[in-house]
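Peer 1: coordinates only, sequence not included:
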């Protein structure tokens with residue numbers, strides 16, 4: 001596994017972690033993630049030494065870590081700018097900060113499966129970089 005590649009690609013997750021706090025509205029966030037998933041899948045398909053699904057999966061685990069940490073650090077601002085998330089957590093009867101922390105792991109797994117599939121499919125469509 002190419003850990004350097006995963007860490008480099010996870011910078012997109014780090015940027016999104018902070019951008020989703022107050023810059024990107026929750027209604028359009030999925031569009032940004034779709035573009036990032038496609039780009040990362042392409043890069044993984046080009047640069048990873050195999051195990052494309054695993055690279056995509058681990059990348060999303062890193063991204064979920066960045067997002068969870070950023071949303072917990074900037075919790076008040078995040079909840080202020082995401083009233084839908086705040087309302088959902090209150091309806092569930094769970095403290096929003098705890099809900100945010102707990103949701104990080106399952107989200108990373110679910111989106112890891114999606115990113116992994118994107119990377120695997122991209123590997124079937126993209127020619128590998130030939131080593132000199």
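Peer 2: Right, received. Where do you want to start? These numbers come from a predicted model, not from an experiment.
Peer 1: how many other residues sit next to residue 107?
Peer 2: Around residue 107 there are 17 other residues, counting by other C-beta atoms under 10 Å. Just so you know, the C-beta spots here come from the backbone N, C-alpha and C atoms, and that holds for glycine as well.
Peer 1: Return the residues in contact with the spatially closest residue to it that is not a sequence neighbour.
Peer 2: By the measure of C-beta to C-beta, 6 or more residues apart in numbering, the closest residue to residue 107 outside its immediate chain neighbours is residue 64, 5.3 Å from it. Residue 64 sits next to 13, 104-105, 107-108, 111-112 when contact means C-beta atoms under 8 Å, 6 or more residues apart in numbering.
Peer 1: hmm, which of these are the buried ones?
Peer 2: Burial by neighbour count, 16 or more other C-beta atoms under 10 Å: within these this picks out 13, 104, 107-108, 111-112.
Peer 1: With secondary structure as extra columns, can I get those residues in a markdown table?
Peer 2: Compiled in a markdown table, the buried ones among the contacts of residue 64 are given as follows (DSSP: H, G, I helix; E, B strand; the rest coil):
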| residue | secondary structure |
| --- | --- |
| 13 | helix |
| 104 | helix |
| 107 | helix |
| 108 | helix |
| 111 | helix |
| 112 | helix |
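Peer 1: gap between the two ends of stretch 39-54?
Peer 2: End-to-end distance of stretch 39-54 (C-alpha to C-alpha, to the nearest Å): 16 Å.
Peer 1: ugh, wrong one, stretch 81-97
Peer 2: Taking C-alpha to C-alpha, stretch 81-97 runs 15 Å from one end to the other.
Peer 1: Spell out for me which residue occupies the centre of this protein.
Peer 2: residue 63 (4.1 Å; C-alpha atoms, centre = their mean).
Peer 1: For that one, which non-adjacent residue is closest in space?
Peer 2: residue 13 is the one closest to residue 63 (C-beta to C-beta, 6+ apart), at 2.9 Å.
Peer 1: swap in residue 118?
Peer 2: residue 41 (3.7 Å).
Peer 1: can you pull the contacts of the closest residue to residue 47 other than its chain neighbours?
Peer 2: Spatially, and ignoring its direct neighbours in sequence, residue 47 is nearest to residue 5 (5.5 Å; C-beta to C-beta, 6+ apart). For residue 5, the contact set (C-beta under 8 Å, 6+ apart) comprises 43-44, 47-48, 55.
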